[in-house]
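Undergrad: Okay, structure incoming, though there's no sequence with it:
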């Protein structure tokens, strides 16, 4: 009983911190960010279209389909790698049955969120803005934390996020009815399957095979359905204890990430690749850049067992049921050229120097 009470008290402390930081009335923890998106979409009607970038985690797109919506993929801009407002305006002008827009702040870089909300609400003030802060916890724009602007904002504290406690998510809102509906949906989900490690390996194998076109009959929607329990479940929020610790030392985490980002800038031949625009509120999720030689860079670093990724390629092509086609020129280019290097607290200056030398040798 004491353990349950202690856990509930910890959850309250975490939720109070989030409520204070983001100036929102209603906050709740959940098992992962995907669950918050899934529950939010189940809580709204009509079930029409959701605007979302193509370069995003597949679990987000699966949640859109699983809740009865269809995605419309919006292009990115090549200045800060976030939603292209011109592409967004085109979609809003062409399609009038939009229910929601999912707005990520990719790579720790704030999207043009206030202008975006103005554009969307001016078109239809009933369109729900779902602010996706999975890669951008603690990032600010106009002196406010990203996550403070949306009708609903979702957070991830899973693997490799700015706050990483291996699992967990949260959502925040000022809308009491929406809050109650989301909480109800989450409470109705199955408990977390404890055979997740086995499921993850099976999912990963099929996911890679799809990206490498090894099975033309498979697609991301099929595996999203087959492995729904891996992503959509409720849990007991025991991660809150570790989350509270990480929130209390967040300033150190932030400083280390910014320091490592600047070390990469100092050591890499930056005239050989393209860096996104950032400002004072930026906190790097990774050191991200575009290079024509991204494939060679990735292969070289992986051969040396150095962490590197190319998240995310445009995944629209892996969803055969996506009805509406849009111009995703920038998203395709970003998917081909993006390189992500780790900047977390486990990354040392000597790691950065070593990685930079290897990259400089081939660019």
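TA: Thanks, I have the structure now. Everything numeric in this text was worked out from a predicted model, so none of it was measured. Numbering: from 1, shown residues only.
Undergrad: low pLDDT regions in the stretch 251-363 of the chain?
TA: Counting by pLDDT under 70, the stretch 251-363 of the chain contains no low-confidence range.
Undergrad: Where do the helices of it begin and end?
TA: Remark: helices assigned in the stretch 251-363 of the chain by DSSP state H, counting those that start in this stretch are 294-303, 329-337, 349-360.
Undergrad: Of all these, which one is nearest residue 275?
TA: Among the helices of the stretch 251-363 of the chain, helix 329-337 comes nearest to residue 275, with 12.0 Å by C-beta to C-beta. Where C-beta positions appear, they are placed from N, C-alpha and C, glycine not excepted.
Undergrad: Just the angle for the closest one relative to helix 294-303, thanks.
TA: Here helix 329-337 runs at an angle of 40 degrees relative to helix 294-303 (axes from the mean of the first three to the mean of the last three C-alpha atoms, to 10 degrees).
Undergrad: the strands in the stretch 251-363 of the chain, which residues?
TA: When assigned using DSSP state E, counting those that start in this stretch, the strands of the stretch 251-363 of the chain occupy the ranges 286-290, 308-309, 338-342.
Undergrad: could I get those strands as CSV with mean neighbour count and distance to residue 260?
TA: Shown next, in CSV, are these (neighbours: other C-beta atoms under 10 Å; distance: least, C-beta to C-beta, whole Å):
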stretch, mean neighbour count, distance to residue 260
strand 286-290, 23, 7
strand 308-309, 18, 14
strand 338-342, 23, 8
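Undergrad: between those strands, which gets nearest to residue 99?
TA: strand 338-342 (29.3 Å).
Undergrad: helices and strands around that closest one, which ones?
TA: Secondary-structure packing of strand 338-342 (3 or more C-beta pairs under 8 Å, 6 or more residues apart in numbering; DSSP states H and E): strand 286-290, helix 294-303, strand 308-309.
Undergrad: got the contact list for the first one?
TA: By C-beta atoms under 8 Å, 6 or more residues apart in numbering, the surrounding residues in contact with strand 286-290 are 78, 81, 107-108, 260-261, 264, 268, 273-276, 309, 333-334, 337-343.
Undergrad: Can you tell me which of those are classed as buried?
TA: 78, 81, 107-108, 260-261, 264, 268, 273, 276, 309, 334, 337-343 (16 or more other C-beta atoms under 10 Å).
Undergrad: In the protein, where's the longest strand?
TA: strand 98-104 (DSSP state E).
Undergrad: Show me what counts as buried in that strand.
TA: Neighbour count says strand 98-104 has 98-104 buried, by 16+ other C-beta under 10 Å.
Undergrad: mind putting the residues you listed in a markdown table, pLDDT included?
TA: Shown next, in a markdown table, are the buried residues of strand 98-104 (pLDDT from 0 to 100):
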| residue | pLDDT |
| --- | --- |
| 98 | 97 |
| 99 | 97 |
| 100 | 98 |
| 101 | 98 |
| 102 | 98 |
| 103 | 98 |
| 104 | 98 |
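Undergrad: quick one: which of these is nearest to residue 154?
TA: residue 102 (8.8 Å).
Undergrad: Quick check: the closest one touching residue 51?
TA: Yes: using C-beta atoms under 8 Å, residue 102 makes contact with residue 51 at a distance of 7.1 Å.
Undergrad: Nearest the geometric middle of the protein, what residue?
TA: Centroid-nearest residue in the chain: residue 134, 3.9 Å away (criterion: C-alpha atoms, centre = their mean).
Undergrad: Assign a three-state SS to that one, would you?
TA: Recorded secondary structure, residue 134: coil (DSSP: H, G, I helix; E, B strand; the rest coil).
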